[in-house]
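K.L.:
With the input below, show me the fold.
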Amino acid sequence: MKRKQFEEYLRSGTANNITVGVLATIGLICGAKSFTGTQISLVEYCFIPEKLTHPVNRQRYCTPEKRYVMPESEFYSEAYTPANPEFQRDNFLPTKATRLRIIEPSNPHKPIWGLASVLFVGGAYGLSKAREWRLIQLMPSVREEIRSNWLISKLWYGLRLHKESYTAQLDYEFHQWTENRRVREAQLSKMTPQELAIFQEQVRLRAEAEARAQLQQATGQPAAALPGQSMQDIANPGDKVEGSSQKTLQQNTNSSLDPSEALALNTLQALARADSSTALVAAPGSGKSVTLNYLIGRILADSPGADIWVISAKNDSFCGLREKERVIVFDGENPDLAKEVIDNFYTDYKKRKQLPESKRESLPPLILILDDWLVIADQLSKHYSDWNYGGKLLDVLLIGREFNTKFIASLQSFNLAALGIEKMDAQTRMCLNLLLLGNRYIKNGREQESYGVLELILNRGDIIPGKQEREQIKSKYLDIKAVSYKNLRPVMIASVGGFVVALMPRLSNQVNPIASEQEYLDRVFDLEFNLSPTHQIHPKPLSEVANKIYEYFQNVKSKTPKTLRDLKKADRLSGYSESELIDGLAELVKTEKVNSDAPDSYSLPDW
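P.N.:
Residues are numbered from 1 along each chain as shown. Below is the predicted model of the structure:
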């Protein structure tokens, strides 16, 4: 209420200022008027000698310098009778003055003008001071009201954000539940009687394990990890258990250390077939390289035409990708090749985004594997401070699944900010699959543990929001960790829609060969010589000057066509001659990274 009065009082300030100005102006005019003119009648007189009797002579005698002026009332008063200023003894000048004329008053109302001036100026001053006093009186209450309203608005904004986040979470969970139910129904409808019998047996075993875990929890013992399948496994038709493999499945089950090994294997297969990106977080000795090779092998087994590129600090084979020249060994002194691969990967991804919806379903997987990414990202940030690779990874993370494009980043610590994605909040993290490993291993005769990454997320509410769910996962983890510690087998905590805790199986025999000899030759032909649109052809890396010019176009603020003269003025291109700039532009135009709209006019395709 006070704030409204204060605002209304502020809005009336213009009228008040005008009123004060008018009153002050009138007062000044009246004051000036009171100081001008005469208020009483004046007498003009002259001392004329008595011997001058002729009127003309008398008039000529009274020159201007011999004429005097005094008030009329004083002129006729004996006390103020004017004496002759030129009186001398033996002179003939009279002692009494001769009146020449009476001068009428020019401003007889001077007191009234002065009084009016005092009233108007005093009114203006009083009105100004009254307004100032009123504002000072209202200021404390208005300040307190504004502070209260600010706190209320902050609370309301926080509640609104919480409501939106909670609503979005509910919508996501409901959509996930509906989709899982629909996919489960579709999966079950496609099963053969033999497969359905195997699936029912798995459900029965899982129900028994859940009941056993609840019984252990009720008796005060830690609950064991629950085996089962993730929804991604059920959604994938290629993950059905065939009747012919029942015997093999039973053999693997009999030789496993924990029932959750089957769940871990299904989870790895689901991650390999998932269309979303994955972060593999594991300390040295946790089985990170073996797991990454297994994922690559599963991807190639499911999609032989997958377009996979690897950037790594090690010159490993990566399931034969090194022999196909798809592995880039990162060189910290010359990281241009790694940057070129990331730019080419993102360029291919942008081309996919231009395709109509009807052509997206048949796209082969486009995958970028970032091995030991913490070290590589640090070096790239130092060499290319103005290159925003994090924005490209964020684009692929959020939208890439619609175009069968993803990345798999291998990290040695749970520092997702190292991906280069600045806004890695809880909602963004939900789009990223997490695969975390921990293990106890023996190296050089010394026992070492690498469970720190797993135990870190178990205490973080931003990763596992629900306290009850976090306690359940922690209980499963502690139970499986005992088996892992005893048998030197890694523990897995994965987030693929929901959290999975399981003991990793032996993956050395789980990855099938990429293909037979004939299939391998056919695949080499497709990758190297088949020029159909389903196979992406990666050009050779650009030259140094072409890379610098391309970076200039990507980072320039004004998206207008540039000329050779503009390139010469750029600081980053100052070390190149005109001929080198022309060759670099020709190389970019040839690879269609830059358009030449007209002679000496160049721009990016997306401008």
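K.L.:
how deep is Leu411 tucked in, by neighbour count?
P.N.:
Neighbours of Leu411 under the rule other C-beta atoms under 10 Å: 23. (Glycine included, C-beta is placed from N, CA and C.)
K.L.:
now the nearest residue to it once chain neighbours are set aside, what's its secondary structure?
P.N.:
Using C-beta to C-beta, 6 or more residues apart in numbering and skipping the chain neighbours, the partner closest in space to Leu411 is Val281 (4.8 Å). Under DSSP: H, G, I helix; E, B strand; the rest coil, Val281 falls in the strand class.
K.L.:
confidence score at Val281?
P.N.:
For Val281, the model assigns a pLDDT of 90.
K.L.:
Quick check: it touching Leu432?
P.N.:
No. The pair Val281 / Leu432 is not scored as a contact, 10.8 Å apart, by C-beta atoms under 8 Å.
K.L.:
These two: which has the busier surroundings?
P.N.:
Between Val281 and Leu432, counted using other C-beta under 10 Å, the more crowded position is Val281 (25 against 20).
K.L.:
Does the more buried one have any beta-bridge partners, and if so which?
P.N.:
Here Val281 sits in beta bridges with Leu411, Leu436, going by DSSP bridges.
K.L.:
Asn315: how many residues sit nearby?
P.N.:
By other C-beta under 10 Å, the residues close to Asn315 number 10.
K.L.:
so what's it up against?
P.N.:
Residues in contact with Asn315 (C-beta atoms under 8 Å, 6 or more residues apart in numbering) are Arg322, Val327, Val329.
K.L.:
residue boundaries of the helices in the stretch 151-300 of the chain?
P.N.:
Secondary structure of the stretch 151-300 of the chain (DSSP state H, counting those that start in this stretch): helices at 193-218, 231-235, 246-254, 260-273, 288-302.
K.L.:
quick one, domains of this structure?
P.N.:
Domain ranges of the chain: 2-32+111-183, 40-104, 191-273+437-510, 277-431+513-538, 542-603, per automatic domain parsing.
K.L.:
rank those domains by pLDDT, which is bottom?
P.N.:
Minimum mean pLDDT among the domains of the chain: domain 191-273+437-510, a mean of 72.
K.L.:
what's the spacing between the residue nearest to Leu411 and Asn439?
P.N.:
The gap separating Val281 from Asn439 is 13 Å, by C-beta to C-beta, to the nearest Å.
K.L.:
cool, and Ser312?
P.N.:
21 Å.
K.L.:
now Ser362
P.N.:
Distance of Ser362 to Asn439, computed by C-beta to C-beta: 40 Å.
K.L.:
who's more crowded, the two?
P.N.:
When neighbours are counted by other C-beta under 10 Å, Ser362 and Asn439 differ, and Asn439 comes out ahead with 25 against 10.
K.L.:
Now do the nearest residue to that one once chain neighbours are set aside: how many residues are near it, please.
P.N.:
Leaving aside its chain neighbours, Asn439 sits nearest to Pro490 (4.1 Å; criterion: C-beta to C-beta, 6+ apart). Taking other C-beta under 10 Å as the criterion, the count of residues near Pro490 is 27.
K.L.:
What are the neighbouring residues in contact with Pro490?
P.N.:
Counting by C-beta under 8 Å, 6+ apart, Pro490 touches Ala282, Ser286, Gly287, Thr291, Leu437, Gly438, Asn439, Ser484, Leu503, Met504.
K.L.:
For burial, what's the neighbour tally of the third one?
P.N.:
It refers to Gly287. 20.
K.L.:
For the closest residue to it other than its chain neighbours, grab phi and psi.
P.N.:
Distances taken as C-beta to C-beta, 6+ apart put Pro490 closest to Gly287, at 4.4 Å, once the chain neighbours are dropped. The phi/psi pair for Pro490 (degrees, to the nearest 10) reads phi -60, psi 150.
K.L.:
again with Ile102
P.N.:
Ile102 adopts backbone torsions of phi -110, psi 130, taken as degrees, to the nearest 10.
K.L.:
and if you look at Gly438?
P.N.:
phi -140, psi 150.
K.L.:
Spit out the contact partners of it.
P.N.:
Gly438 makes contact with 282-283, 286, 449-455, 481, 484, 490-491, 493, according to C-beta under 8 Å, 6+ apart.
K.L.:
Please pick the buried ones from those residues.
P.N.:
Neighbour counting over the contacts of Gly438 (16 or more other C-beta atoms under 10 Å) leaves Ala282, Ala283, Ser286, Ser450, Tyr451, Val453, Leu454, Lys481, Ser484, Pro490, Val491, Ile493 as the buried ones.
K.L.:
now those residues in a markdown table, with distance to Glu587?
P.N.:
Output for the buried ones among the contacts of Gly438, formatted as a markdown table (distance: C-beta to C-beta, whole Å):
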| residue | distance to Glu587 |
| --- | --- |
| Ala282 | 41 |
| Ala283 | 43 |
| Ser286 | 44 |
| Ser450 | 46 |
| Tyr451 | 51 |
| Val453 | 44 |
| Leu454 | 48 |
| Lys481 | 55 |
| Ser484 | 53 |
| Pro490 | 47 |
| Val491 | 50 |
| Ile493 | 47 |
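K.L.:
buried stuff in whichever strand or helix holds Lys392?
P.N.:
Element membership for Lys392 (DSSP states H and E) is helix 389-399. Under the neighbour-count criterion of 16+ other C-beta under 10 Å, helix 389-399 has Tyr389, Gly390, Lys392, Leu393, Leu394, Asp395, Val396, Leu397, Leu398 buried.
K.L.:
for stretch 142-161, same thing?
P.N.:
Residues of stretch 142-161 classed as buried by neighbour count (16+ other C-beta under 10 Å): Val142, Glu145.
K.L.:
same thing with stretch 120-128?
P.N.:
Phe120, Val121, Gly123, Ala124, Leu127, Ser128.
K.L.:
Same question for stretch 399-408.
P.N.:
By 16+ other C-beta under 10 Å, the buried positions in stretch 399-408 come out as Gly400, Phe403, Asn404, Thr405, Lys406, Phe407, Ile408.
K.L.:
how about the residue lying closest to Lys66 once chain neighbours are set aside, what does it touch?
P.N.:
Leaving aside its sequence neighbours, Lys66 sits nearest to Cys46 (C-beta to C-beta, 6+ apart; 5.6 Å). Contacts for Cys46 (C-beta under 8 Å, 6+ apart) come out as Tyr61, Cys62, Lys66, Arg67, Tyr68, Ala97, Thr98, Leu100.
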